[in-house]
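Enquirer: next comes the sequence, and after it the predicted model I'd like to discuss.
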Amino acid sequence: MKKRIVVALVAVLLLAGSISAFAEAPFAAYHKPKDLNLYGSVGLYGYAGLSIGVGAEFVFGKFDLGPLPFEWGLMGRGVIQVPLFIGGGWIDWGVAPLASLHTGFNFGKSLEFDLYVSLGLGIYGTTGTYYAWNPVNFGFASFNGLAWKLNPKLFLLLDYGYIGWASNYGIGVLYKL
């Protein structure tokens, strides 16, 4: 019984310490209402293919939860997957509108990051017949990423997103117009 109390006390102290350290972290907001952001990333599709993700986002507003600043908007994203080698003659695709949410972290000069998540419903399909009875389907969509601020308008992007079975994980850019 004493061991459980000690373990619980240590866990509470560690949790309290990590929460206080998190509350002191340098949060930042990199988007303003009426900002228009463009996204583009390229990645691998399976073992032998190419995946391309593109999109645009309009930022509608911002709010704070304690020390955390958030920006929210509406994003339209698209994905194309193309097998390059293993006998594939099909293209998988998807498009979706998504609600997006951003928050940022500023750890000093050249260490500024924007973290975002987005969720929505989209349309996806394929030109092949290997796993679909219907060439067009409806399904959940999500795009999430971490962007490293290179200058006020350009971010280097690590991005993952999917619309149904069509997905993109890759490296790209976020450009603020």
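Expert: Looks like it came in fine.

Enquirer: my read: Met75 touches Val117, true?
Expert: No. In this structure Met75 lies outside contact range of Val117 using CB atoms under 8 Å: 10.4 Å. C-beta coordinates here come from the backbone N, C-alpha and C atoms, glycine included.

Enquirer: which residues are in contact with each of these two?
Expert: Ser100 (CB atoms under 8 Å, 6 or more residues apart in numbering).

Enquirer: so for those two, which residue has more residues nearby?
Expert: Higher neighbour count among Met75 and Val117: Met75, with 23 against 14, using other CB atoms under 10 Å.

Enquirer: which strand residues bridge that one?
Expert: Bridge pairing for Met75 (DSSP bridges) gives the partners Glu57, Leu98.

Enquirer: again with the one 5 residues further on
Expert: Counting by DSSP bridges, Ile80 is bridged to Ile52, Trp93.

Enquirer: host element of the residue nearest in space to the middle of the chain?
Expert: The structure's the chain has its C-alpha centroid closest to Asn144; by CA atoms, centre = their mean the separation is 1.3 Å. Per DSSP states H and E: Asn144 is located in strand 136-151.

Enquirer: who touches that strand?
Expert: Contacts of strand 136-151 from elsewhere in the structure, counted by CB under 8 Å, 6+ apart, are 30, 39, 53, 55, 75, 77, 94, 96, 98, 100, 112-125, 155-165, 174.

Enquirer: so which residues of this protein form helices?
Expert: Remark: helices assigned in the chain by DSSP state H are 2-23.

Enquirer: okay, now the unreliable bits of it?
Expert: The model of the chain has pLDDT under 70 over residues 1-25, 46-47, 86-88, 129-133.

Enquirer: give me that answer again for 90
Expert: 1-31, 43-51, 64-68, 81-93, 107-111, 124-137, 152, 161-170 (pLDDT under 90).

Enquirer: report how many residues lie close to Trp90.
Expert: Counted with other CB under 10 Å, residues neighbouring Trp90 total 15.

Enquirer: that one and Ile80 touch, don't they?
Expert: No. Trp90 is beyond contact range of Ile80, at 11.2 Å (criterion: CB under 8 Å).

Enquirer: any idea how far Val173 lies from Asn134?
Expert: 34 Å (CB to CB, to the nearest Å).

Enquirer: more crowded one of the two?
Expert: Ranked by neighbour count (other CB under 10 Å), Val173 and Asn134 place Val173 first, with 15 against 8.

Enquirer: is that one bridged to anything, and to what?
Expert: Bridge pairing for Val173 - DSSP bridges - gives Gly40, Leu156.
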